[in-house]
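[1] coords please:
(one chain, ligands or ions: 2)
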Amino acid sequence: MANIDWNKLTFSYTKTNTILKTTFKDGAWTPVESLTDDYLSLSSYAGALHYAIECFEGLKAFRGKDGRIRLFRPEENAKRLIRSAQYLGIEAPSVEMFVDICKKAVLENEDFLPPYEVSGASLYLRPTLIGSNPQLGVQSSKESTFLLLCSPVGAYVGGALDAVDVVIARNYDRAAPNGSGAFKVGGNYACSLRSLNIAHEQGYKAVLYLDPATKTHIDEFNSSNFFAIKGNSYITPKSDSILPSITNMSLETVAAHLGMTVERRPVPVEELSTFEEVGECGTAVVITPVHKLVDKPFLESDEETVYTYGDGQCGPKSLKLYNYIKAIQRGEIEDEFGWIVYVD
Ligand code: PLP
Ligand code: COI
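    Residues are numbered from 1 along each chain as shown. Ligands and ions are numbered 1, 2, ... in the order given. Prediction:
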């Protein structure tokens, strides 16, 4: 096992044993290589570097209570990568190839898989697909390179379940109407950085974007989906400009299973004052409860409307959902929805 203080892990880079790499060229994928060096040899003319021909995924591997290694719904990540790649017009690995490479990466980097006892930690996998052939004109890359990176991680911000303050920045968007918001392309994250940097300077942990066409409905956060609890309902936005989150999809299933009503529908901003609990959800953030949600017409100005949820702790319904999903991932309860793929 690697010499790591598992309890002190944050969501950051740790060098692991290997990165797996395969390239699609001349109509086929090259044999998967295990690279021990993190630095790539890549043409300076690669489309990824000029025209952001890049998409990626994020999923986690967990050590279960029984000692077995589990991946959470990797086929869904594979399918989403294929959709993102189609959007960019580049070749992606098949679902089967994607899952096999995820398993191989986990086995080669098992030293970095946190032990079961450290409940907030996991091995984060970062499948990455880039347009890699030399090119100058704006066109989809003919050659694409698939990389499987991994790093042991803890909570995305603070400790697991620490509540955060977030801000709606009405004068910024992460994606355009009819744009790339529903695809996991690097360009979306580049477009969120300016507003995110300003928000961070003001002490907010995340930016919540509104629907870019009308600015009347909630879309999603810069790196996670939005959900809210009202009475016995789990409410989450329906929008063409948000990423279809695998965590959110799973929480909807769990919420329904626990007898809650699931409402996936447009969520008007006015409804924020009626929610009892609000949170971020996603692979990296898992469930991160929101304490203060601040709505600013201009991120740079002092004018604001503040919504407060709970007392800075995770609300009871969010906590129940969090515990349920973590218990499946960590092999503490039966995988009744068939979400787990075993690595060993
Ligand atoms: N929305 C955005 C913008 C994200 O970056 C992520 C992270 O992957 C999510 C939502 C959550 O998606 P998932 O639950 O599939 O990780
Ligand atoms: C994930 O949750 O896996 C993500 O990809 C979010 C990331 C931008 C940190």
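[2] for the stretch 151-300 of the chain, which segments count as strands?
    For the stretch 151-300 of the chain, the strands identified by DSSP state E, counting those that start in this stretch occupy 164-169, 206-210, 218-221, 225-230, 233-237, 261-265, 277-282, 286-296, in order along the chain.
[3] show me which residues of the stretch 101-250 of the chain sit near ligand 1.
    Where proximity means CB under 6 Å from any ligand atom, the interface of the stretch 101-250 of the chain facing ligand 1 comprises 220, 223-225, 243, 245-248. C-beta: built from backbone N, CA, C; applies to glycine.
[4] nearest to ligand 2, out of the strands of the stretch 151-300 of the chain?
    strand 277-282 (4.0 Å; CB to the nearest ligand atom).
[5] and His257, how many residues sit next to it?
    Per other CB atoms under 10 Å, the neighbour tally for His257 reads 12.
[6] so what pLDDT did it get?
    What the model reports for His257 is a pLDDT of 98.
[7] gap between it and Ser250?
    According to CB to CB, to the nearest Å, His257 and Ser250 sit 10 Å apart.
[8] got the residues of the stretch 101-250 of the chain next to ligand 1 as CSV, with distance to ligand 2, neighbour count and pLDDT columns?
    As requested, these are arranged in CSV below (distance: CB to the nearest ligand atom, whole Å; neighbours: other CB atoms under 10 Å; pLDDT from 0 to 100):
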residue, distance to ligand 2, neighbour count, pLDDT
Glu220, 11, 29, 98
Ser223, 4, 22, 98
Ser224, 7, 25, 98
Asn225, 10, 24, 98
Leu243, 9, 25, 98
Ser245, 8, 24, 98
Ile246, 9, 24, 98
Thr247, 8, 25, 98
Asn248, 11, 23, 98
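[9] list the buried ones in stretch 105-114?
    By neighbour count with 16 or more other CB atoms under 10 Å, stretch 105-114 contains the buried residues 105-106, 108-110, 112-114.
[10] wait, stretch 153-173
    For stretch 153-173, using 16+ other CB under 10 Å, the buried residues are 153-157, 160-169, 172-173.
[11] who are the neighbours in contact with Ile229?
    The neighbours of Ile229, taking CB atoms under 8 Å, 6 or more residues apart in numbering as the test, are 235, 275-278, 315, 317-318.
[12] let me have these in JSON lines, extended by pLDDT.
    Output for the contacts of Ile229, formatted as JSON lines (pLDDT from 0 to 100):
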{"residue": "Ile235", "pLDDT": "98"}
{"residue": "Phe275", "pLDDT": "98"}
{"residue": "Glu276", "pLDDT": "98"}
{"residue": "Glu277", "pLDDT": "98"}
{"residue": "Val278", "pLDDT": "98"}
{"residue": "Gly315", "pLDDT": "97"}
{"residue": "Lys317", "pLDDT": "98"}
{"residue": "Ser318", "pLDDT": "98"}
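[13] these, buried ones only, as a PyMOL selection?
    Only the buried entries of the contacts of Ile229 go into this PyMOL selection, using 16+ other CB under 10 Å:
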select buried, resi 235+275+277+278+315+317+318
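[14] going by proximity to ligand 2, name the top residue of this structure.
    The shortest separation between the chain and ligand 2 is 2.1 Å, found at Gly58 (distances taken as CB to the nearest ligand atom).
[15] count the residues that sit near that residue.
    Other residues near Gly58 come to 18 when the count uses other CB under 10 Å.
[16] got the phi/psi numbers for it?
    In this entry, Gly58 is assigned phi and psi values of phi -150, psi 130 (degrees, to the nearest 10).
[17] Ser132 against Leu42, yeah?
    Yes. Assessed by CB atoms under 8 Å, Ser132 is found in contact with Leu42 at 6.3 Å.
[18] intersection of neighbour lists for those two?
    Taking CB under 8 Å, 6+ apart as the criterion, Ser132 and Leu42 both touch 48, 145.
[19] so for the two, which residue has more residues nearby?
    Ranked by neighbour count (other CB under 10 Å), Ser132 and Leu42 place Ser132 first, with 27 against 13.
[20] residues in contact with that one?
    23, 42-43, 46-48, 141, 143-145.
[21] now with 10 Å, please.
    With contacts defined as CB atoms under 10 Å, 6 or more residues apart in numbering, Ser132 is in contact with 23-25, 40, 42-43, 45-49, 53-54, 90, 141-147.
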